[in-house]
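**Q** 3D, please:
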Amino acid sequence: MSWWRRVMVERHGHNWVLLGRFALVGASGVVVNLVTLRLVEQLGPTYTQVWLDLPLTDYNVRWYHLYTAFAFLVANLWNFQLNRSWAFRSAVHKRPWLSEYLPFLTVGLLALGLNLLIVTLLIHPHSPLSLPESVFDDSSAFRSRLLWANFIAVVMITPVSFVTNKFWAFRAVRAARRASLLSR
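**A** Numbers count the residues shown, from 1 in each chain. Model (predicted):
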């Protein structure tokens with residue numbers, strides 16, 4: 001076995017398993033996010049309508065910002081619980097739920113900020129990155145600008161979220177694993 005393969009399999013094999021589990025949890029979270037987003041979009045006002053004018057500026061908060069944030073919170077709770085119990089298996093180490101959720105939520109809120117920025121760039125009609133209305137005309141879920149913009153944003157943010165959660169939110173798992181290796 002080459003040294004490169006030995007390093008990748010023996011030393012980092014566990015990380016590849018974690019990445020795979022994180023990806024499966026994340027994929028299920030994307031589905032939860034998109035289904036939630038579609039439901040609130042269908043139940044509420046048109047997503048492009050202004051929800052709140054920002055005083056003393058030409059800017060405003062639109063309904064899609066609220067819908068995206070709500071869908072994020074639902075998916076964030078879903079992902080956290082699955083990551084905690086299965087992907088990172090931190091529930092085994094008996095850390096209090098809230099002590100792990102707050103860092104996970106903090107990472108998620110930073111990701112949400114980036115997500116909202118990307119979604120806004122992809123939806124705003126005057127943005128150079130705006131999804132073309134001729135293709136994404138909101139005639140169905142598969143042609144929804146909001147769903148596609150959110151999906152693209154989630155895909156772009158996922159790698160940063162994985163690394164940050166692995167090294168910060170679920171650091172107790174690494175510490176416990178390291179301690180068990182040292183005690184052998």
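**Q** shaky segments in this protein?
**A** 1, 3-13, 90-94, 172-184 (pLDDT under 70).
**Q** the longest helix along the chain packs against which elements?
**A** Within the chain, and with DSSP state H defining each element, the longest helix by residue count is helix 13-43. Using 3 or more CB pairs under 8 Å, 6 or more residues apart in numbering; DSSP states H and E as the contact criterion, the elements in contact with helix 13-43 are helix 63-82, helix 145-164. The C-beta positions use only the backbone N, C-alpha and C, and glycine is treated the same way.
**Q** who's in contact with the first one?
**A** Residues outside helix 63-82 that contact it (CB atoms under 8 Å, 6 or more residues apart in numbering) are 25-26, 28-30, 32-34, 36-37, 40-41, 44-51, 100-101, 104-105, 108, 112, 115-116, 119-120, 123, 146, 150.
**Q** buried among these? Need that as a selection in ChimeraX.
**A** The ChimeraX selection below is limited to those of the contacts of helix 63-82 classed as buried (16 or more other CB atoms under 10 Å):
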select :25,26,29,30,32,33,34,36,37,40,41,47,100,101,104,105,108,112,115,116,119,120,123,146,150
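**Q** now do the longest helix of the chain: distance to the chain's middle.
**A** If you compare the mean C-alpha spot of helix 13-43 with that of the full chain, they lie 7 Å apart, counting by CA atoms, centre = their mean, to the nearest Å.
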